[in-house]
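[1] What would the 3D arrangement of this be:
(4 chains)
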2 protein chains.
Amino acid sequence: MATMDKKNVSMNDVAVAAGVSLKTVSRVINEPDSVRESTRDKVHSAMEALGFRTNFAARSLKLGRYGCIGVVMFHLSGGAVDMIDGIADAAEERGFALTMIKKCAGEKMTLADAARRMSQLPVDGMIFNLRQMVDDFDTFEAPKDLKTVIITPMEHPTCSTVSDDQEGGARMACEHFLNRGHKNVYFVSGKKESLSSQCRMKGWRAALEARGIEPSEPLQGDWNADSGYAAGLVLADKPDCTAILAANDCMANGVMMALHDKGLSVPDDVSVIGFDDELYKTIPNSILTSVKFRHRELGIRALNEVVAGLEAPSSRSRTLVSGVLVERSSVKDLRA
Amino acid sequence: MATMDKKNVSMNDVAVAAGVSLKTVSRVINEPDSVRESTRDKVHSAMEALGFRTNFAARSLKLGRYGCIGVVMFHLSGGAVDMIDGIADAAEERGFALTMIKKCAGEKMTLADAARRMSQLPVDGMIFNLRQMVDDFDTFEAPKDLKTVIITPMEHPTCSTVSDDQEGGARMACEHFLNRGHKNVYFVSGKKESLSSQCRMKGWRAALEARGIEPSEPLQGDWNADSGYAAGLVLADKPDCTAILAANDCMANGVMMALHDKGLSVPDDVSVIGFDDELYKTIPNSILTSVKFRHRELGIRALNEVVAGLEAPSSRSRTLVSGVLVERSSVKDLRA
DNA sequence: TTGTAGGCGTTATCAT
DNA sequence: ATGATAACGCCTACAA
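    The predicted model follows:
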């Protein structure tokens, strides 16, 4: 009478228990409307009683697809959460699950490696979340039957890519300064190897050069507040410094604290803009104007692009998700 | 001559191309040592030439296991990254991949739902990351053949659980105050529905009561700095307030700013401790002493517990990962 | 509306 | 050291 120890309950077991054929059970699962209600109920109770769960392996072997999208995290850091969130939501909505692996092991971190590992897993397509440069970026070729989307600001010769428009965001911030009468903008960068930092710097340069302004030497930071503070101390001594763009909010805050400690006030003496719009979480009444990227949107786009590519694997696209300037009061209008 | 459009390259195709039997190809993959080297080479070249990749579905159908662990994120927030990181690393190390789904949809968020969805996916076991209460927590029973570990501070009747020792962390912080001569500790909570906040509050209460101190009414916050600031304004007016425990660093910072604005200094007039040790990222020269939890370790433990349970699915354990007090200088020793 | 036969691509059991 | 053959559990013709 006790529950049997049968390893796996198959559709056949259910069929026997319900006194119907195997195919009928299959129908109850896949096209319930084509089965008489009384039969359906019998089958359902049998499934319930036996604890039947459809076998993923058998199903996908037959169907030739998995209903899963692979996600490779080359870099798992703070901003990634919102992106994963977007990917996960979009996946759920389209009936896909996510198969995730991490590939951060400093030394041998190539796209080919990641692709090889992924092709052994139950995935119909994959997303690479790449925030740093890798050796084989330009030479990498995705498996023909596995649609691949790379999240990266760089263009790729064969794969679709999705990215925040970091460069555009930086340009936007600079123009915000310049349009308000500032004659120059100083820049505090993040870690050197970070692509985000590089792109933000590029945008800053481009915006200045477009107005015929020679960009000054950027100050090297490391994303954390202390490095911003150090940069702020330096900049406080530059008489021509009225505008500072910091590559993230934490450093921007460091900059502001340094200015304050030097007797300068924001925005009356110096204006500041940061990135990521997260200071308000930590600082009460935060006044920092900041460029915010829509990471969630980014994730959604990436997933949609993969799913779209399932039909046309050879298609290639480049998606840029624009940033938004969240205005508070850390920028002074010098024209006033 | 051009590459054929054959949908899938199977082991059979490789076998034919290499002029060997199907089983030999299989051997080359799974037990290479039992195949003569010359044969092995032939097979390898054939695989290369045809672009063979082993079929996950067929393999797991035969093997009866997937080599994947399911992860359900009921709540995807900042602190989660480090935990996912730990899970992913531990998984990688043990040769498992992760299959992730998100279940945040406010209304109908039950463990049974999550388990049902997971049982349709290629997983050998699963981890629920639960940070809030759900309706069916106590009544939930995991599928017998799917080892389930829940990340939650609550005890579960049948499933293994893993958690930070949030209560212990809060106690530790309180004792840190009390051992330094403080006679009372005020508490600023996080969002009401958060289990973390509840546990931290519980630990605070317990520590005070253990010393015969009547806990005052906790101040309600919402995790963000502004709510901490509001609480700080209130507490600044309490003459007996020498020690404040805030349920996270952001609110602790809000509290400190309010105290400052009220002309009180930290730690000379009032001592403060926070949670999560993340303020140093945003505030230069941060002085805040903070209780830090090892989220990465938590993830590792959770994964290891699942993998261990693959052998003995019925086992049940409860793991607590202790926190660490990161001391800076926001606490004054009143005995001095 | 329901049942039967075969095959998806592996791995395992035998034999050679 | 290698090969033939039978499962694994599901789905899709085709038949009844």
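[2] and the residue of chain A nearest DNA strand C?
    Closest to DNA strand C within chain A is A:S21: 2.8 Å, counting by C-beta to the nearest atom of the strand. In this view, the C-beta of every residue, glycine as well, is placed from N, C-alpha and C.
[3] isn't that residue right up against A:M11?
    No: under the criterion of C-beta atoms under 8 Å, A:S21 lies out of contact with A:M11, with a separation of 10.0 Å.
[4] more neighbours, these two?
    Neighbours of A:S21 and A:M11, each counted by other C-beta atoms under 10 Å in any protein chain shown, are more numerous for A:M11; the result is 21 against 13.
[5] Not counting sequence-adjacent ones, nearest residue to that one?
    Residue nearest to A:M11 in three dimensions, not counting chain neighbours: A:V25, with 4.7 Å by C-beta to C-beta, 6 or more residues apart in numbering or on different chains.
[6] what pLDDT does the residue lying closest to A:D333 once chain neighbours are set aside get?
    When the adjacent residues along the chain are set aside, A:D333 lies closest to A:R180, with 4.4 Å between them (C-beta to C-beta, 6+ apart). Reading off the per-residue confidence, A:R180 sits at a pLDDT of 97.
[7] May I have the secondary structure class of A:R180?
    Of the three states, A:R180 takes coil according to DSSP: H, G, I helix; E, B strand; the rest coil.
[8] and it, how many neighbours does it have?
    Counted with other C-beta under 10 Å, the neighbours of A:R180 add up to 17.
[9] OK, contacts around it?
    Contacts for A:R180 were tallied using C-beta atoms under 8 Å, 6 or more residues apart in numbering or on different chains; they are A:S271, A:V331, A:K332, A:D333, A:L334, A:R335.
[10] out of the residues you listed, which are inside strands?
    The strands, defined by DSSP state E, take in A:S271 from the contacts of A:R180.
[11] quick one on the thing from earlier: ok, the residue nearest to A:M11 touching A:V14?
    Yes: between A:V25 and A:V14 a contact is recorded at 5.0 Å, counting by C-beta under 8 Å.
[12] Overlap in contacts, those two.
    With C-beta under 8 Å, 6+ apart, A:V25 and A:V14 have common neighbours A:V43, A:M47.
[13] helix or strand for whichever residue of the stretch 201-336 of chain A sits closest to DNA strand D, which one?
    Scanning the stretch 201-336 of chain A for proximity to DNA strand D using C-beta to the nearest atom of the strand identifies A:L310 as nearest, at 16.8 Å. Here A:L310 is covered by helix A:295-311, with elements defined by DSSP states H and E.
[14] What count of nearby residues applies to A:H75?
    If you count neighbours by other C-beta under 10 Å, A:H75 ends up with 16.
[15] Would you enumerate the residues in contact with it?
    Shown here is A:H75, whose contacts under the criterion C-beta under 8 Å, 6+ apart are A:C104, A:N129, A:L130, A:R131, A:Q132.
[16] Would you format those residues as a markdown table with secondary structure, neighbour count and pLDDT included?
    Listed next are the contacts of A:H75 as a markdown table, based on DSSP: H, G, I helix; E, B strand; the rest coil; neighbours: other C-beta atoms under 10 Å in any protein chain shown; pLDDT from 0 to 100:
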| residue | secondary structure | neighbour count | pLDDT |
| --- | --- | --- | --- |
| A:C104 | coil | 15 | 77 |
| A:N129 | strand | 25 | 93 |
| A:L130 | coil | 25 | 90 |
| A:R131 | coil | 18 | 82 |
| A:Q132 | coil | 17 | 82 |
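[17] with these in mind, which one is nearest to A:R94?
    Checking the contacts of A:H75 against A:R94 by C-beta to C-beta gives A:N129 as the nearest, at 18.7 Å.
[18] was I right about the closest one contacting A:G79?
    No: using C-beta under 8 Å as the test, A:N129 is too far from A:G79 to be in contact (10.3 Å).
[19] Hmm, B:L76 and A:D85 touching each other?
    Yes: checked against C-beta under 8 Å, the pair A:D85 and B:L76 is within contact range at 4.8 Å.
[20] Show me whatever sits in contact with both of those two.
    B:K102.
[21] anything in the helix or strand hosting A:S38 near chain B?
    Using DSSP H and E, A:S38 sits within helix A:37-50. No: judged by C-beta under 8 Å from any C-beta of the partner chain, helix A:37-50 stays clear of chain B, getting no closer than 11.6 Å.
[22] could I have that helix exported to CSV, CA atoms only?
    In CSV, the C-alpha atoms belonging to helix A:37-50 read as follows (Å, rounded to 0.1, in the frame of the first residue of the first chain):
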residue,chain,number,x,y,z
GLU,A,37,-13.3,15.8,-19.9
SER,A,38,-14.0,12.6,-18.0
THR,A,39,-10.9,11.0,-19.5
ARG,A,40,-8.9,14.0,-18.7
ASP,A,41,-9.9,13.9,-15.1
LYS,A,42,-9.0,10.3,-14.8
VAL,A,43,-5.6,11.0,-16.2
HIS,A,44,-5.0,14.0,-14.0
SER,A,45,-5.8,12.1,-10.9
ALA,A,46,-3.5,9.3,-12.0
MET,A,47,-0.7,11.9,-12.6
GLU,A,48,-1.3,13.4,-9.2
ALA,A,49,-1.4,10.1,-7.4
LEU,A,50,1.8,8.8,-9.0
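[23] buried set for it?
    A:T39, A:R40, A:K42, A:V43, A:H44, A:A46, A:M47, A:L50 (16 or more other C-beta atoms under 10 Å in any protein chain shown).
[24] give me the low-pLDDT residue ranges for chain A?
    A:1-7, A:78, A:105-107 (pLDDT under 70).
[25] ok, now which ones touch the most centrally placed residue in it?
    Residue closest to the average C-alpha location in chain A (C-alpha atoms, centre = their mean): A:M83, at 3.5 Å. Contacts here follow C-beta under 8 Å, 6+ apart; on that basis A:M83 touches A:N129, A:I151, A:H295, A:R296, A:L298, A:G299, A:A302.
[26] What are the phi and psi values at it?
    In terms of degrees, to the nearest 10, the main-chain angles of A:M83 are phi -70, psi -50.
[27] what about it, distance to A:V321?
    Going from A:M83 to A:V321 by C-beta to C-beta, to the nearest Å gives 10 Å.
[28] With A:F140 instead?
    Look at A:F140 and A:V321: by C-beta to C-beta, they are 23 Å apart.
[29] Repeat that for A:S60.
    In this view, A:S60 and A:V321 are 32 Å apart by C-beta to C-beta.
[30] now swap in A:K192 and tell me
    If you measure A:K192 against A:V321 using C-beta to C-beta, the figure is 25 Å.
[31] Please identify the buried residues of the helix holding A:L310?
    For helix A:295-311, a neighbour-count test (16+ other C-beta under 10 Å) marks A:295-307, A:309 as buried.
[32] In chain A, mark out all the strands, start to finish.
    A:68-73, A:97-102, A:125-129, A:147-151, A:160-164, A:186-189, A:219-220, A:243-246, A:271-275, A:289-292, A:318-321, A:324-326.
[33] Quick check, A:P122 in contact with A:L63.
    No: A:P122 sits out of contact with A:L63 when judged by C-beta under 8 Å, with a separation of 11.4 Å.
[34] So which of those two has more stuff around it?
    Between A:P122 and A:L63, counted using other C-beta under 10 Å, A:P122 has the larger neighbour count: 26 against 10.
[35] who's in contact with the closest residue in space to that one that isn't next to it in sequence?
    Leaving aside its sequence neighbours, A:P122 sits nearest to A:Y66 (C-beta to C-beta, 6+ apart; 4.1 Å). Applying C-beta under 8 Å, 6+ apart, one finds that A:Y66 lies in contact with A:S60, A:P122, A:V123, A:D124, B:F56, B:A57, B:P122.
[36] I'd like the contacts of A:M83 as TSV, with distance to A:N30 appended.
    Formatted as TSV, the contacts of A:M83 follow (distance: C-beta to C-beta, whole Å):
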residue	distance to A:N30
A:N129	34
A:I151	35
A:H295	37
A:R296	33
A:L298	35
A:G299	31
A:A302	30
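[37] Can you name the two of those that sit furthest apart?
    Using C-beta to C-beta, the contacts of A:M83 span at most 13.7 Å, a distance reached by A:N129 and A:R296.
[38] I figured A:M11 hits A:R53, correct?
    No: if you go by C-beta under 8 Å, A:M11 and A:R53 don't touch, sitting 10.5 Å apart.
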